[in-house]
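*Asks:* Show me how the following folds:
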Amino acid sequence: MPVKVGEKAPDFKLPDTEKQLRGPADYRGKNVILAFFPAAYSGVCDREMCSFRDSLAELNQANAQVLAVSVDGFPALKKFAGEYSLSFPVLSDHRKEVIKK
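*Replies:* Model prediction:
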């Protein structure tokens with residue numbers, strides 16, 4: 001079932017680009033933006049993640065935390081996040097456990 005704007009995000013933990021487990025519960029008190037994207041280096045997804053990066057000052061003013069989630073594996077996401085200077089957590093759901101919820 002999709003999460004609607006304003007609903008509490010389902011709890012999950014996925015590894016980020018530093019292999020640290022993170023999830024929405026780690027950011028209690030913030031407005032969490034779950035940004036699911038199918039694949040790094042896919043054009044549209046690259047632009048979407050860069051738009052979050054470029055809007056971080058405004059999102060910080062809104063007490064928001066971006067959590068990007070992709071089915072790509074750790075190596076691809078680590079390279080992707082570094083190449084595009086993404087300073088928010090980019091999480092790997094390579095087993096498609098969260099995306100199916």
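
*Asks:* Would you mind listing the residues in contact with Leu14?
*Replies:* Neighbouring residues of Leu14 by Cβ atoms under 8 Å, 6 or more residues apart in numbering: Leu21, Arg22, Gly23, Val69, Leu91, Ser92, Asp93, Val98. The C-beta positions use only the backbone N, C-alpha and C, and glycine is treated the same way.

*Asks:* again, 10 Å this time
*Replies:* 20-23, 67, 69-70, 89-95, 97-98 (Cβ atoms under 10 Å, 6 or more residues apart in numbering).

*Asks:* Which strand or helix spans the spatially most central residue of the chain?
*Replies:* When Cα atoms, centre = their mean is applied to the chain, the residue found nearest the centroid is Ala68 (1.1 Å). Assessed by DSSP states H and E, Ala68 sits inside strand 64-70.

*Asks:* all helices for this protein, in order.
*Replies:* Per DSSP state H, the chain carries helices over the ranges 44-54, 56-61, 74-83.

*Asks:* Among those, which comes closest to Pro15?
*Replies:* When these are compared by Cβ to Cβ, helix 74-83 sits nearest Pro15, at 6.3 Å.

*Asks:* shaky segments in this structure?
*Replies:* Along the chain, segments meeting pLDDT under 70 span 1-3, 101.
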